[in-house]
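Peer 1: show me the folded form of this:
(one chain, ligands or ions: 2)
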Amino acid sequence: MTPDQVRGRLWAVVPAAGRGTRFGGEVPKQYLAVGGEPLIAHTLTALCAHPKVDGVVVVLAEADAHWPGWQAIAGKPVVTCVGGSERADSVLAGLAALPDSVRADDFVLVHDAARPNLHPADIDRLLEYGRNDPVGAILAAPLRDTLKRAGDDGGIDGTEPRERLWRAFTPQLFRRLQLSRALEAARDAGVAVTDEAMAMERQGLRPLLIEGREDNLKVTTAADLALLEFLLGSR
Ligand SMILES: Nc1ccn([C@@H]2O[C@H](COP(=O)(O)OP(=O)(O)OP(=O)(O)O)[C@@H](O)[C@H]2O)c(=O)n1
Ligand SMILES: C[C@](O)(CO)[C@H](O)COP(=O)(O)O
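Peer 2: Ligands and ions are numbered 1, 2, ... in the order given. Coordinates of the predicted model:
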């Protein structure tokens, strides 16, 4: 199925081209079995099962031998493309691989493959507020712990003020062309952006923070897997 053979205007781009170096192991973390299926299957199902999502572009590593080859999930088309060395490069590739039905000023959801515990109510809230914003929005949660600055010797160098500090999650919701241009500008400036909102902020824009569930876990290290299994098992 080529991108032009599919229709719909709210698509998701799912960066899934990472190697999972912090997690370790031979199998990239997005393909580890959780609840009897690959971690990425939970992520893609969470997106594709949402009635407002029309399809997903999954961004894979070059020659990804783990990808099961899905062409549809929950009745929604799944298109793949190859990502890049950094997450931002992969997101750019995913934006370019969207079908022509997704217009330049249409919103696109960008969601980490490594965040499978995504709830529909969070997608609802992000879309409700983000699509009415001139820039876009991200799911996030306010910091609830005290922040310490670590010294080289393992001791505390100081305490950081945490008022008005939030943890950024995904999905992040931005317009296709505006996001592509912001990511390209960051790349061309040699600036490594860690999320889509950072690229937009560099353009002087102020995306909305939409408070989402604290359990929107990004699986990063092996310790996260047990928590994910608990979270998915309790849904
Ligand atoms: N070049 C990259 C790097 C990351 N990702 C994706 O971006 C998401 C968040 O990245 P992260 O959790 O850092 O995954 P990895 O890069 O695989 O982890 P690590 O940094 O430990 O290698 C993941 O779904 C990952 O697959 C990607 O598509 N392309
Ligand atoms: C995009 C992100 O999930 C927002 O918190 C995060 O920046 C990804 O970071 P990573 O180091 O690429 O996992």
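
Peer 1: which residues sit against the longest strand along the chain?
Peer 2: What stands out as the longest strand in the chain, according to DSSP state E, is strand 166-175. By Cβ atoms under 8 Å, 6 or more residues apart in numbering, the surrounding residues in contact with strand 166-175 are 12, 47, 104-112, 115, 118, 122-123, 126-127, 130-131, 135-143, 182, 195-197, 200, 207, 209, 212, 216, 218. Bear in mind the C-beta positions are built from the backbone N, C-alpha and C, glycine included.

Peer 1: and it, is it in reach of ligand 1?
Peer 2: No: using Cβ under 6 Å from any ligand atom, strand 166-175 stays clear of ligand 1, coming no nearer than 8.1 Å.

Peer 1: got it, and stretch 81-95?
Peer 2: Yes: using Cβ under 6 Å from any ligand atom, stretch 81-95 reaches ligand 1 at 83-87, 90.

Peer 1: ok, back up a step: after the longest strand of the chain, heading C-terminal, what element do we hit next?
Peer 2: Next along the chain after strand 166-175, taking DSSP states H and E as the criterion, comes helix 176-188.

Peer 1: how about the residues of this protein by ligand 1?
Peer 2: Counting by Cβ under 6 Å from any ligand atom, the chain sits next to ligand 1 at 15-23, 30, 59, 83-87, 90, 112-114, 218, 220.

Peer 1: these in helices, which ones?
Peer 2: Using DSSP state H, the subset of these located in helices is 87, 90.

Peer 1: out of the residues of the chain next to ligand 1, which are buried?
Peer 2: Neighbour-count burial (16 or more other Cβ atoms under 10 Å) applied to the residues of the chain next to ligand 1 gives 15-18, 20, 23, 30, 59, 83-84, 86-87, 90, 112-114, 218.

Peer 1: distance from the centroid: which residue in this structure tops it?
Peer 2: Within the chain, residue 153 marks the point farthest from the mean C-alpha position, 34.4 Å out by Cα atoms, centre = their mean.

Peer 1: and that residue, how close does it get to ligand 1?
Peer 2: As judged by Cβ to the nearest ligand atom, to the nearest Å, residue 153 and ligand 1 stand 26 Å apart.

Peer 1: give me the phi and psi for that residue.
Peer 2: phi -90, psi 10 (degrees, to the nearest 10).

Peer 1: so for it, what's the pLDDT?
Peer 2: Per-residue confidence (pLDDT) for residue 153: 98.

Peer 1: again with residue 235
Peer 2: Taking residue 235 on its own, its pLDDT is 88.

Peer 1: related to what we said a few turns ago, the residues of the chain next to ligand 1 also near ligand 2: which ones?
Peer 2: Okay, of the residues of the chain next to ligand 1 touching ligand 2 (Cβ under 6 Å from any ligand atom), that's 87, 112, 218, 220.

Peer 1: so which of the buried ones among the residues of the chain next to ligand 1 sit within strands?
Peer 2: Reading strands off those with DSSP E, I get 15-16, 59.

Peer 1: state the mean pLDDT of the helix or strand encompassing residue 80.
Peer 2: Using DSSP H and E, residue 80 falls within strand 76-82. Averaging pLDDT along strand 76-82 gives 98.
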